[in-house]
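A.B. asks: Compute the structure for the input listed below.
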Amino acid sequence: MKLLATMKRFSLLVAMIALAFTSALAQNQLVAQKETESSNKFFGQGTGMQPGASGRQRQVLFDFRVTRRSNSLRIPMATQRNVLSKVFRRYLTDDSRCNPEFDVNDTDHLRAARNAGQIVPSIVDMAQGSFTGPLRQETLYVISVSECNASHAENFGSKRVAIFLGQQLIADMDVEFRSSIVRKTDLDGDGVDELLMTTGDINQGVLIEIGALVDFQKGRLRVIEDFGTVIEDSCASGFTGSTSKASVISSSNISPGRMPKLRIDNYEAGCRRVKRWRFVSTGKMSDD
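C.D. replies: Got it, this is the predicted structure:
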């Protein structure tokens with residue numbers, strides 16, 4: 001009898017512990033859900049679309065708070081040679097071949113290096129889609145020109161986009177140091193793809209990334225929206241008060257044939273491993 005009573009008390013204790021654990025877990029889940037809802041009050045994070053503060057539908061174009069994997073682009077050397085030889089009349093294949101006595105008689109050092117063939121270009125990103133007109137099967141390559149002796153202040157050289165239709169080069173243009181394709185989209189539904197592109201820099205442990213939505217209709221670069229700084233992260237610097245700032249780009253008034261209205265919402269978090277983002281402003285981060 002004593003053994004039976006002891007077993008009953010033990011079972012009751014286990015049940016009480018399990019109930020307490022379940023209650024705590026549910027409470028943590030509720031807190032996390034409320035934080036997520038608060039973070040996403042201005043746009044449809046995770047669900048694609050939700051009513052915004054004005055009651056209009058918003059759709060997330062890109063969330064720069066989310067950590068991205070490094071670019072694992074692998075392009076065969078034969079493809080690299082084919083593309084680069086059609087974009088540049090002459091170029092170098094190794095920076096050790098740069099002429100250290102190259103005489104620059106031009107106020108534009110990068111242009112002079114390109115004209116002299118003092119460049120070591122490489123393909124750093126690519127996308128397939130319809131870029132110069134609707135219903136085209138084109139391949140777009142982002143090229144780091146890497147002009148010889150280009151400095152950190154010059155972003156280590158200019159960046160270009162080359163667009164091919166099959167084996168034919170149909171467009172080639174400077175893209176103002178933008179080197180990464182973050183997302184391909186067709187926001188206005190006209191059959192021509194836009195690209196969300198970024199350029200980044202790190203100095204003394206402070207990472208800055210700048211973004212813009214661009215297109216290449218008729219083979220010309222057009223900046224649809226310049227978002228300015230979309231990431232500013234000083235956590236690696238060790239400076240007092242370091243933080244991580246990131247933007248979320250969303251669109252509204254979505255209708256075929258019209259470019260939707262684009263909105264920038266900015267968030268800030270401390271430098272902990274698990275970031276707790278809080279909303280700080282709307283508009284370009286540089287205007288904060």
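
A.B. asks: CA atoms for contacts and neighbours, from now on please.
C.D. replies: OK.

A.B. asks: all strands of this structure, in order?
C.D. replies: Using DSSP state E, the strands of the chain run over 49-51, 57-63, 122-129, 138-144, 159-165, 168-174, 180-185, 194-203, 206-215, 222-233, 244-252, 261-269, 278-282.

A.B. asks: Lowest average pLDDT across those?
C.D. replies: The minimum mean pLDDT among the strands of the chain belongs to strand 49-51 (a mean of 40).

A.B. asks: how many neighbours does Asp193 have?
C.D. replies: As a burial measure, Asp193 scores 23 neighbours (other Cα atoms under 10 Å).

A.B. asks: In this structure it contacts Gly129, no?
C.D. replies: Yes - judged on Cα atoms under 8 Å, Asp193 makes contact with Gly129 at a distance of 6.6 Å.

A.B. asks: list the contacts for the nearest residue to Ile75 once chain neighbours are set aside?
C.D. replies: In space, not counting the residues next to it along the chain, Ile75 is nearest to Ile123; the distance is 7.9 Å by Cα to Cα, 6 or more residues apart in numbering. Listed by Cα atoms under 8 Å, 6 or more residues apart in numbering, the contact set of Ile123 reads Ile75, Gln80, Tyr141, Val142, Ile143, Ser144.

A.B. asks: cool, Asn203 as well?
C.D. replies: Asn203 makes contact with no residue under the criterion Cα under 8 Å, 6+ apart.

A.B. asks: Would you mind measuring from it to Ala236?
C.D. replies: 10 Å (Cα to Cα, to the nearest Å).

A.B. asks: How far does stretch 140-151 sit from its chain's centre?
C.D. replies: Computed by Cα atoms, centre = their mean, to the nearest Å, the separation of stretch 140-151 from the middle of its chain amounts to 19 Å.

A.B. asks: For the closest residue to Arg58 other than its chain neighbours, name its beta-bridge partners.
C.D. replies: Among residues not flanking Arg58 along the chain, Ser252 sits closest, at 4.7 Å (Cα to Cα, 6+ apart). Beta-bridge pairing of Ser252, defined through DSSP bridges, involves Arg58, Lys261.

A.B. asks: Go ahead and flag the most central residue of the protein.
C.D. replies: Val182 (4.0 Å; Cα atoms, centre = their mean).

A.B. asks: Touching, it and Glu209? I think so.
C.D. replies: No - counting by Cα under 8 Å, Val182 does not reach Glu209; the two are 11.5 Å apart.
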